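[1] Predicted model and sequence follow; I will ask about them next.
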Amino acid sequence: MLGLYIHIPFCSAICNYCNFNRGLFDASLKDQYVRALLREIEREADGSPADTIYFGGGTPSLLEPSEIAALIDACRSAFAIASDAEITMEANPETVTPERLVRFREAGVNRLSYGVQSFRDDELERLSRLHSAARAADAVAMARAAGFDNLSLDLMMWLPQQTIAQWLESVDALVALGPEHASLYILELYPNAPLRETMARSKWSLAPDDDAADMYLEAMARLDAAGYEQYEISNVARPQRQSRHNLKYWTDGAWLGFGCGAHSTRRGVRWKNLASTTEYIAAVASGGQTSVERRTLTDREALEEALFTGLRLTRGIDVDTVNARYKSDVWGIYGTRLERFREAGLLIYDGRLLRLSRAGMLLANEIMSEFVSAPA
Ligand code: SF4
């Protein structure tokens, strides 16, 4: 089944570390953008079955509930949306009210993903986030009151000035709120991030690398103890509450992306929409191409992709299935290069399943780079 992704590129303020495709909210641009999205969805209509819709951003919760409803209805007209489809909306805690949440729920959204990042106000301030820790907890309570029984919270670790103990305060606060799903990311600073300059000016530093590793391992241990199951490097969930949409990215699935900068992958072809909001709107309005970089993956690229993404999953890769699907011999091609990771206990291979150990997840990029550097 297809997954549908809808990108909403508007934010109330731009966070000092953010490298996503987003810009400042502008009501008139937003109106034009929603009209363009409706048209793009209609244009791609082919009645294919789909079982997830994901509003990502930016800050999708800045849209009016009626606009989210119209976009979901457009998806229902264009595709055969499963009756039990997972419909997720990313939301920032400061944008929600009890009334708006009820209306998002009525529009069809059945899963909320809050960008919390930290439950400490000093850390949120350093990240230039608009909400406080108390506001994030209120947003969770409001979502529950509005009937949401599938919530995800994002946290970021290895923040400027953050100690291991401070990071674990946020993890414990998350556990206390009991979301069904959580994502834990390491802060990655892109080269020109304004936060870099602020850090230099304010003499803020990052904890040593070893502490970052401990942050990750101890957080995962606490989430294990609280009954969460890790299913991907950065993601944990209560049983049956994994993100069905994101699993499509990690299991070689098919998805269509709508809106500026959205990516799509279907039947071995990959494409990306124009990144600029205004260029995207103009292209849709003129009936022109919204996509750029459309290309068919080579067999080797498709195989590497399946390995990269599959290895992110805790359950790993079923090597027999991948071999059959790509007429390949995964261990024959990569085994020699991967052996040292297996010996170090970072990679586990039992002749059928190939997966990273938790310690291996800390070195995932290094291990995965072996897939691209191996000779064909
Ligand atoms: S709210 Fe999210 S998408 Fe918007 S600027 Fe901040 S981090 Fe980026």
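    It's in. Residues are numbered from 1 along each chain as shown.
[2] use CA for all of it now, contacts and neighbours both
    Will do.
[3] Nearest to the spatial middle of this protein, which residue is it?
    Nearest to the geometric centre of the chain sits N246, at 6.6 Å (CA atoms, centre = their mean).
[4] Would you mind identifying the next helix or strand past the helix or strand hosting that one?
    Using DSSP states H and E, N246 falls within helix 244-250. Note on helix 244-250: by DSSP H and E, the next helix or strand toward the C-terminus is strand 254-258.
[5] what helices or strands is that next one leaning on?
    Secondary-structure packing of strand 254-258 (3 or more CA pairs under 8 Å, 6 or more residues apart in numbering; DSSP states H and E): strand 2-8, helix 27-43, helix 244-250, strand 263-266.
[6] run the last query once more with 6 Å
    With contacts taken as 3 or more CA pairs under 6 Å, 6 or more residues apart in numbering; DSSP states H and E, strand 254-258 sits against strand 2-8, strand 263-266.
[7] can I get the ones you listed in CSV with mean neighbour count and mean pLDDT?
    Putting the helices and strands packed on strand 254-258 into CSV (neighbours: other CA atoms under 10 Å; pLDDT from 0 to 100) gives the following:
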stretch, mean neighbour count, mean pLDDT
strand 2-8, 24, 98
strand 263-266, 20, 96
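[8] Columns distance to the ligand on top of those, output as JSON lines?
    Below are those laid out as JSON lines (distance: least, CA to the nearest ligand atom, whole Å):
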{"stretch": "strand 2-8", "distance to the ligand": "9"}
{"stretch": "strand 263-266", "distance to the ligand": "16"}
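[9] Helix or strand: which one has the residue lying closest to E304 once chain neighbours are set aside?
    Using CA to CA, 6 or more residues apart in numbering and skipping the chain neighbours, the partner closest in space to E304 is F371 (6.3 Å). Using DSSP H and E, F371 maps to helix 364-373.
[10] avg pLDDT for that helix?
    Helix 364-373 carries an average pLDDT of 84.
[11] Of all the residues in that helix, which ones are buried?
    A364, I367, M368, E370, F371 (16 or more other CA atoms under 10 Å).
[12] I'd like to know which elements the helix or strand hosting L155 is packed against.
    Per DSSP H and E, L155 falls inside strand 151-157. Using 3+ CA pairs under 6 Å, 6+ apart, the elements in contact with strand 151-157 are strand 111-117, strand 181-186.
[13] wait, does it contact the ligand?
    No: using CA under 6 Å from any ligand atom, strand 151-157 stays clear of the ligand, coming no nearer than 10.8 Å.
[14] Just the CA trace of the helix holding F371, in CSV.
    Extracted in CSV, the C-alpha atoms of helix 364-373 (Å, rounded to 0.1, in the frame of the first residue of the first chain):
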residue,chain,number,x,y,z
ALA,A,364,25.5,3.1,12.0
ASN,A,365,26.8,5.6,9.5
GLU,A,366,30.3,4.1,9.5
ILE,A,367,29.0,0.5,9.1
MET,A,368,26.5,1.5,6.4
SER,A,369,29.2,3.3,4.4
GLU,A,370,30.6,-0.2,3.7
PHE,A,371,27.6,-0.8,1.4
VAL,A,372,28.3,2.1,-0.9
SER,A,373,32.1,1.6,-1.0
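[15] how far does it sit from the chain's center?
    Distance of helix 364-373 from the chain centroid (CA atoms, centre = their mean, to the nearest Å) equals 21 Å.
[16] Need the contact partners of that helix.
    Here helix 364-373 makes contact (CA atoms under 6 Å, 6 or more residues apart in numbering) with no residue beyond itself.
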